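S.K.: Below are the sequence and a predicted model for it; my questions follow.
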Amino acid sequence: MNPTTNHAYSAIQGNLANASNERIIVERMTETDPLNLAGMIAGLQPVGATVAKAAEWFAAVIGKEHVLCDDASRFEYSKSTLPRSTTPAIIVRPGSVSEVQQIVKGASIFGLKPHAISRGKNWGYGDACAQRDGQLIVDLRRMNRIVEINEELAYAVIEPGVTQGQLAEELLAQGARLMLDVTGAGPDASIVGNILQRGFGHTPYGDRVAHSCNYQVVLPDGTIKQTGFGDVTGSNVGHVYPYGNGPCTQGLFAQSHAGIVTRMTIWLMPHYERVIGFGFKTNETEVFALIVDRIGQLRRDGTIGSVVHIANDIRVLSTQRTMKEHSDNRAPLTAVERAAMAKEAGIGQWNGLGGLYGSRRIVSAKKKEIKKAFKDICPIRFFCKWQVRTLKRVSCHLPSSTLFDPVRNISTTIADVYDLLCGTPSNKHLEGAFCRNRPKSGEVIDAGLIWISPVIPCSGKDAKRLVSAMAPIANGHGFDLPITISPVTPRSAVCVTNICFNKLDNDESKRASLCYKDLSSAINNLGYPPYRKASTD
Ligand SMILES: Cc1cc2nc3c(=O)[nH]c(=O)nc-3n(C[C@H](O)[C@H](O)[C@H](O)COP(=O)(O)OP(=O)(O)OC[C@H]3O[C@@H](n4cnc5c(N)ncnc54)[C@H](O)[C@@H]3O)c2cc1C
């Protein structure tokens, strides 16, 4: 940031903090986005207009009730799970693409930098916050129409405010024989915002951005761009073919601020005749490395078509009662404590869960191949729908003795994961955000959470190298490190780790920031950059 801009931002920040009803002068924001497309904004010349005037202008265009610039609203949108957050100048909630076009034009007139959010549930990655203080939040929650569900070609056309819960329910309500990929972020998270961050889920369409196309985008100058063949008049293939002639432009709009996506086509999966889960566990680091290698091979030869999640004990425990009981003790768990808790929970040091999809014959053939591939590594268990249900029913009727805790824990974990494998979003996985501290509100936004998610080649050697570098850093700062290794593509895996901390404890928040910094340098030095960064980074 250059000194002029720095000065401008400090001025805004100071004004926002101190002068609730005073007019705030928003000076020229000269920072460019990574693609330098912000230069397209016609009104980037200094205008020195006031936020109050801008708010009036937006109110005239989209209605007063959809423009927020009072302190309480700005505070709501400045809430973050991260130690650092930003406060917006104004929040607008457009209801249509033409309103978004007007807003973008208004933003340029008043020198405000827009930041679009679809649902703003970007927990642990910046939440609903913009990059800088004093920006214009364009909250697209009102644009929540499911425009089309096409059962024959298995796709849906959605607006950004559509949540994964909403689409899952609509598919059920319509009796459509289709399912969507879901993430662990719960029913209220968006689909579009997640895809634009290259988020991933659990099913064969877990690499979500690879199963989306035909973006309708409002560019910084207010014009509308449609990606792929959606841009060609009379084309019938925009929803089913991601490319056009020439460069593939949809990639320009992921993890960038190059435009506001107002509509997207996402591909859905046909209802599979059979979905079975599989699980394995080990306490041996060498076996864990072999597993990562073997899963990679099975992904590449097509036996496993979905995203497998290989989680350490801390990750699995993080959603369970035992971990929460420990959370009053601020020191990281010792190896002995971890082993005891893992035993009680019926899990190993490393635990894998994945899904097989297809017809009965195909799934049964894949099952045989996987059994063969794991024969010399570790036992592997398979579970189908009725087994998951029966296990859950039986475990509910077990005597309350702690003797049965492992069965109860395992049956709950398996049932929760099986839901995700079948495209049913659930709030249960959000419990992981509270493993160190549960805020009174019980809301994720009030927890302290930072994700650090490096990409590695899908190889045991790299997985071991990364884990042995990251875990001691987190422990050294006083934190346990939940880890999940997920081969999102056949050749690469994303290693999702996180720091959970108590936001109300200043010392702990500072340590969390330092820990994040150290972990970030470590992964970059190892050559494993994060697949996604916080919106405030
Ligand atoms: C316990 C827990 C589990 C989680 N599990 C997962 C998981 O399994 N997989 C996963 O990927 N994430 C996961 N997350 C992280 C996060 O919560 C999700 O990625 C969530 O989907 C992001 O919020 P959102 O969809 O509402 O996106 P938003 O917050 O609306 O958007 C995120 C960012 O995308 C950009 N953006 C959004 N909409 C637009 C638009 N229309 N046009 C242009 N740019 C836009 C902006 O930069 C915005 O800040 C998890 C979080 C928690 C706490």
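M.R.: Great, that's in hand. Keep in mind the model is a prediction, meaning the values are calculated, not measured. Numbering: from 1, shown residues only.
S.K.: Tell me the spacing between residue 536 and the ligand.
M.R.: From residue 536 over to the ligand the distance is 9 Å, taken as Cβ to the nearest ligand atom, to the nearest Å. Where C-beta positions appear, they are placed from N, C-alpha and C, glycine not excepted.
S.K.: does that residue count as helix, strand or coil?
M.R.: Three-state assignment for residue 536 (DSSP: H, G, I helix; E, B strand; the rest coil): coil.
S.K.: tell me the contacts of residue 266?
M.R.: Residue 266 is in contact with 155-156, 158, 180, 191, 195, 208, 211-212, counting by Cβ atoms under 8 Å, 6 or more residues apart in numbering.
S.K.: and the stretch 201-350 of the chain, which residues reach the ligand?
M.R.: Contact residues, the stretch 201-350 of the chain versus the ligand (Cβ under 6 Å from any ligand atom): 260-261.
S.K.: can you give me the helices for the stretch 201-350 of the chain?
M.R.: Listed in chain order, the helices of the stretch 201-350 of the chain (DSSP state H, counting those that start in this stretch) span 285-300, 313-317, 321-326, 335-345.
S.K.: Nearest to residue 165, out of those?
M.R.: Residue 165 lies closest, by Cβ to Cβ, to one member of the helices of the stretch 201-350 of the chain: helix 313-317, at 23.4 Å.
S.K.: Help me confirm that residue 436 comes into contact with residue 501.
M.R.: Yes - with contact defined as Cβ atoms under 8 Å, residue 436 counts as touching residue 501 (6.3 Å).
S.K.: These two: which has the busier surroundings?
M.R.: residue 501 (29 against 24; other Cβ atoms under 10 Å).
S.K.: Name whatever forms a beta bridge with the more buried one.
M.R.: residue 448 (DSSP bridges).
S.K.: what's the neighbour count on residue 531?
M.R.: So residue 531, with other Cβ under 10 Å, has 19 neighbours.
S.K.: ok, it to residue 257 distance?
M.R.: 18 Å (Cβ to Cβ, to the nearest Å).
S.K.: what residues does the chain put near the ligand?
M.R.: 116-126, 128, 140, 160, 183-185, 189-190, 192-194, 196-197, 199-200, 260-261, 429-430, 432-433, 444, 449, 535.
S.K.: who touches both of residue 436 and residue 501?
M.R.: Common neighbours of residue 436 and residue 501 (Cβ under 8 Å, 6+ apart) are 448, 479.
S.K.: circling back: lowest average pLDDT across the helices of the stretch 201-350 of the chain?
M.R.: The weakest mean pLDDT among those belongs to helix 321-326, with a mean of 66.
S.K.: starting at the chain centroid, how far to stretch 123-135?
M.R.: Computed by Cα atoms, centre = their mean, to the nearest Å, the separation of stretch 123-135 from the middle of its chain amounts to 14 Å.
S.K.: my bad, stretch 194-208
M.R.: Worked out by Cα atoms, centre = their mean, stretch 194-208 lies 8 Å from the chain centre.
S.K.: Report the mean confidence score over that stretch.
M.R.: 97.
S.K.: can you check stretch 167-178 too?
M.R.: Mean predicted confidence for stretch 167-178 is 97.
S.K.: Go through it and flag the buried ones.
M.R.: 167-168, 170-171, 176, 178 (16 or more other Cβ atoms under 10 Å).
S.K.: what do you get for stretch 467-486?
M.R.: For stretch 467-486, by 16+ other Cβ under 10 Å, it's 467, 469-471, 473-475, 477-486.
S.K.: if we can go back for a sec, tell me the buried residues within the residues of the chain next to the ligand.
M.R.: Counted by 16+ other Cβ under 10 Å, those give 116-126, 128, 140, 160, 183-185, 189-190, 192-194, 196-197, 199-200, 260-261, 429-430, 432-433, 444, 449, 535 as buried.
S.K.: Filter those down to the ones in helices?
M.R.: 192-194, 196 (DSSP state H).
S.K.: Looking at the residues you listed, spot the one nearest residue 134.
M.R.: Among these, and counting by Cβ to Cβ, the member closest to residue 134 is residue 193, at 21.7 Å.
S.K.: measure that closest one to residue 72 for me?
M.R.: 24 Å.
S.K.: what bits of the stretch 301-450 of the chain have low per-residue confidence?
M.R.: Scanning the stretch 301-450 of the chain with the threshold set as pLDDT under 70 gives 321-322, 324-329.
S.K.: mind giving me the domain split of the protein?
M.R.: Domain assignment for the chain by automatic domain parsing gives 3-139, 146-270, 274-526.
S.K.: pLDDT (mean, whole number) over the first one?
M.R.: Which is domain 3-139. 75.
S.K.: I'd like the numbering to begin with 15 instead of 1 from here.
M.R.: Sounds good: first residue 15 from here, last item domain 17-153.
S.K.: Skipping adjacent residues, who's closest to residue 104 in space?
M.R.: residue 83 (4.6 Å; Cβ to Cβ, 6 or more residues apart in numbering).
S.K.: most residues in a single helix of this structure, which one?
M.R.: Longest helix in the chain, counting by DSSP H: helix 520-540.
S.K.: Run a quick neighbour tally on residue 315.
M.R.: Using other Cβ under 10 Å, residue 315 is surrounded by 11 other residues.
S.K.: now, which of the buried residues of stretch 481-500 lie within strands?
M.R.: In strands, judged by DSSP state E, the following of the buried residues of stretch 481-500 are found: 497-500.
S.K.: out of those, who's nearest residue 245?
M.R.: residue 500 (33.4 Å).
S.K.: give the contact list for that closest one.
M.R.: Counting by Cβ under 8 Å, 6+ apart, residue 500 has contacts 214, 220, 321-324, 507-510.
S.K.: Which one (most neighbours) among those?
M.R.: Ranking the contacts of residue 500 using other Cβ under 10 Å puts residue 507 first, with 30 neighbours.
S.K.: Tell me how many other residues crowd residue 537.
M.R.: Counted with other Cβ under 10 Å, residue 537 comes out at 23.
S.K.: That one and the ligand: what is the separation?
M.R.: Distance from residue 537 to the ligand, by Cβ to the nearest ligand atom: 18 Å.
S.K.: if I pick that residue, what's in contact with it?
M.R.: 466, 468, 480, 483-484, 543-544.
S.K.: Mind doing that once more with 6 Å?
M.R.: residue 468 (Cβ atoms under 6 Å, 6 or more residues apart in numbering).
S.K.: Return the member of the buried residues of stretch 181-192 nearest to the ligand.
M.R.: residue 181 (12.2 Å; Cβ to the nearest ligand atom).
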